[in-house]
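Engineer: structure for the following, please:
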Amino acid sequence: MAGIFITGTDTEVGKTVATAYVIHALREAGIDAVGYKPIQTGVRTDQPDVEFYQEVAGTEATAPTTYTYNEPCSPHLAAKQEQSSICLDEILRQVEMLEKKHQYVVIEGAGGLVVPLDTSGVTLTTLVQKLGFAILVVAKSKVGVLNHAALTIQYAKSKGVKVAGLLLNECSVKPDFVEKDNIKMLQEMNQVPIVSMIPKLEEPLADNVRKYSKMSSTDSLLKACEVERDAKRNAYSKK
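Structural biologist: Below you'll find the predicted structure:
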């Protein structure tokens, strides 16, 4: 399987924005990438994260969510509340189907790596291990990021999961001495590259994610995703 798994150091760190950015950047580079969020809680029948991918990268760049749950809580509990269960094999089947149709699959996790999917010890890390994907870790550029990022990255490595890079979200246009030091220390402490530094984007958010993707250098991101820019192909992304 060719793809990347996007996880976060916490809730509300901007995984969906980062995922949409990655999908758009890959498609701008001529890679037929598709975004997939297998599990989402806190929704009813709508799929807001998938809809955001569509706004940024186009309808052809997304796949529907397999498991959606009403309660805004951990997937294992949200599923239990609806007398449902999450089947990893079903998610893997969906990924295999997407791989047959597209060059590259970008998967957004629900929360962090240790989020439980049931009560028997299955977590999002289990899914990543079965996929065999490397991960990109999304972290918000703020005080506390050093500890949060290190915990996620070191845990992933301890489970045999490759960490391809770190995406910093809501970065300052003019970083102060604290943020500058965080950027330096994140790389030194974890021995992983910062592949993107997404600034704090205003509304309309989807438009500004696209603009940032078009104007920023994505070479480090493409390297982390282990793909090469295809100049001979037309960009797939939404204009």
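Engineer: just the helices from this protein, written as ranges.
Structural biologist: Taking DSSP state H as the test, the helices found in the chain are 15-28, 48-57, 75-81, 88-101, 124-131, 145-158, 177-190, 205-215, 219-224.
Engineer: so which of those is the most packed in?
Structural biologist: Of all the helices of the chain, helix 15-28 has the most neighbours on average by mean count of other Cβ atoms under 10 Å, namely a mean of 27. Glycine gets a C-beta too; all of them are placed from N, C-alpha and C.
Engineer: tell me what angle that helix forms with helix 48-57.
Structural biologist: For helix 15-28 against helix 48-57, the angle between stretch directions is 30 degrees (axes from the mean of the first three to the mean of the last three Cα atoms, to 10 degrees).
Engineer: biggest strand in this structure by residues?
Structural biologist: Using DSSP state E to define each element, the chain has its longest strand at strand 163-171.
Engineer: which strands or helices does it pack on?
Structural biologist: When contacts are defined as 3 or more Cβ pairs under 8 Å, 6 or more residues apart in numbering; DSSP states H and E, strand 163-171 sits against helix 15-28, strand 134-140, helix 145-158, helix 177-190, strand 194-199, helix 219-224.
Engineer: give me the contact list for the fifth one.
Structural biologist: To tie it back to what came earlier, the one meant is strand 194-199. With Cβ atoms under 8 Å, 6 or more residues apart in numbering as the test, strand 194-199 has contacts from 14, 17-18, 21, 136, 141, 164-173, 183, 186-187, 212, 216, 218, 220-221, 223-224.
Engineer: can you list the strands that that strand pairs with?
Structural biologist: Strand 194-199 has its sheet partners listed here by DSSP bridges as strand 163-171 (parallel).
Engineer: now do the buried residues in the strand it pairs with.
Structural biologist: For strand 163-171, a neighbour-count test (16 or more other Cβ atoms under 10 Å) marks 163-171 as buried.
Engineer: sorry, back to before: what about the longest strand of the chain, distance to the chain center?
Structural biologist: 10 Å (Cα atoms, centre = their mean, to the nearest Å).
Engineer: got the angle for that strand vs strand 134-140?
Structural biologist: Relative orientation of strand 163-171 and strand 134-140, computed by the same axes, to 10 degrees: 20 degrees.
Engineer: dump strand 163-171 to CSV, restricted to CA.
Structural biologist: What follows is strand 163-171, C-alpha atoms only, in CSV (Å, rounded to 0.1, in the frame of the first residue of the first chain):
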residue,chain,number,x,y,z
VAL,A,163,7.7,8.7,11.9
ALA,A,164,8.2,10.4,8.6
GLY,A,165,7.9,13.9,9.9
LEU,A,166,6.2,16.6,12.0
LEU,A,167,3.7,19.1,10.8
LEU,A,168,3.5,22.2,13.0
ASN,A,169,0.2,24.0,12.9
GLU,A,170,-0.9,27.6,13.7
CYS,A,171,2.7,28.9,13.5
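Engineer: quick one: average confidence on that strand?
Structural biologist: Averaging the model's pLDDT scores along strand 163-171 yields 97.
Engineer: contact partners for the closest residue in space to Ala149 that isn't next to it in sequence?
Structural biologist: Spatially, and ignoring its direct neighbours in sequence, Ala149 is nearest to Ala139 (4.8 Å; Cβ to Cβ, 6 or more residues apart in numbering). Ala139 makes contacts with 8-10, 13, 145, 148-149, 152, 166-169, 186, as judged by Cβ under 8 Å, 6+ apart.
Engineer: cool, and Gly3?
Structural biologist: Gly3 touches 95, 99, 104-107, 131, 133, counting by Cβ under 8 Å, 6+ apart.
Engineer: can you pull up the bridge partners for it?
Structural biologist: Beta-bridge pairing for Gly3 (DSSP bridges): Val105.
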